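Visitor: Sequence and predicted structure below; questions after.
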Amino acid sequence: AAVAALAITVVAVSGGTVYAAWKYLNPKEAATEVGDQKLADAFGDRGAAIEHECQTENGYKVTMLGVVSGKNISDNLITDDNGTILENRSYIVTAFSKEDGTAFEESEDNKVGQFYVSPYIKGQDPAKVNIYHMDGVCHSFIKNGIYYRILECNDLEIFADQGVYLGVCDKQLDEVNA
């Protein structure tokens, strides 16, 4: 299957800094960690956009590690409410670390899991175009003190000419009414 890349900008209130990329798993390794070999292969393809864009806010560093879009590029295809397989999807890998350099512990999974992460489209109402309304799901884990989240949603490539942004909030939102 053809895999195409999409550039996404990480949005935060303050300016970002580049954080040592060697500290993080790469997107292919993150996909392998959640047991998705097809997605790992897609991230290893030349069509994947590998990023290391980082923003720091409220004691956390959020780094977008990569994004890939394509048809049936996951071992774990999901269905819509009617049971139809959602084939054309985008996958975004993010990493969260603490600004002070201390590690996330497994016991903090509930706390860090409250981060709300969503792609947004420039010019679109965020209450109507967000991870919830794009049939989004996520997979997360903590490895070596870093919290990783792999977002999956409807194909973002169709919005590439408008601009796609990744928003992060440090509390869970009401996704239905976000």
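Guide: In hand now; what should we look at? Residues are numbered from 1 along each chain as shown.
Visitor: can you give me the strands in this structure?
Guide: With strands called from DSSP state E, the chain shows them at 3-4, 8-11, 49-57, 60-71, 88-98, 116-121, 137-143, 146-154, 164-169.
Visitor: Throw those strands into CSV and include mean neighbour count and distance to Glu29, thanks.
Guide: The way it works is simple: take the backbone N, C-alpha and C, and place the C-beta from them, glycine included. Shown next, in CSV, are the strands of the chain (neighbours: other CB atoms under 10 Å; distance: least, CB to CB, whole Å):
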stretch, mean neighbour count, distance to Glu29
strand 3-4, 16, 17
strand 8-11, 18, 19
strand 49-57, 18, 12
strand 60-71, 23, 9
strand 88-98, 24, 9
strand 116-121, 21, 19
strand 137-143, 17, 9
strand 146-154, 22, 9
strand 164-169, 18, 20
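Visitor: want to throw those strands into CSV with distance to Ala42 and mean pLDDT?
Guide: Formatted as CSV, the strands of the chain follow (distance: least, CB to CB, whole Å; pLDDT from 0 to 100):
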stretch, distance to Ala42, mean pLDDT
strand 3-4, 5, 38
strand 8-11, 16, 51
strand 49-57, 11, 81
strand 60-71, 5, 92
strand 88-98, 7, 93
strand 116-121, 17, 90
strand 137-143, 14, 92
strand 146-154, 12, 94
strand 164-169, 18, 86
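Visitor: Could you dump the ones you listed into JSON lines and include distance to Thr32?
Guide: Listed next are the strands of the chain as JSON lines, based on distance: least, CB to CB, whole Å:
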{"stretch": "strand 3-4", "distance to Thr32": "16"}
{"stretch": "strand 8-11", "distance to Thr32": "22"}
{"stretch": "strand 49-57", "distance to Thr32": "15"}
{"stretch": "strand 60-71", "distance to Thr32": "13"}
{"stretch": "strand 88-98", "distance to Thr32": "11"}
{"stretch": "strand 116-121", "distance to Thr32": "21"}
{"stretch": "strand 137-143", "distance to Thr32": "11"}
{"stretch": "strand 146-154", "distance to Thr32": "11"}
{"stretch": "strand 164-169", "distance to Thr32": "22"}
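Visitor: Please identify which of those strands is closest to Asp80.
Guide: Proximity to Asp80, assessed across these by CB to CB, is greatest for strand 146-154 (9.8 Å).
Visitor: Right, I'll call it a day here.
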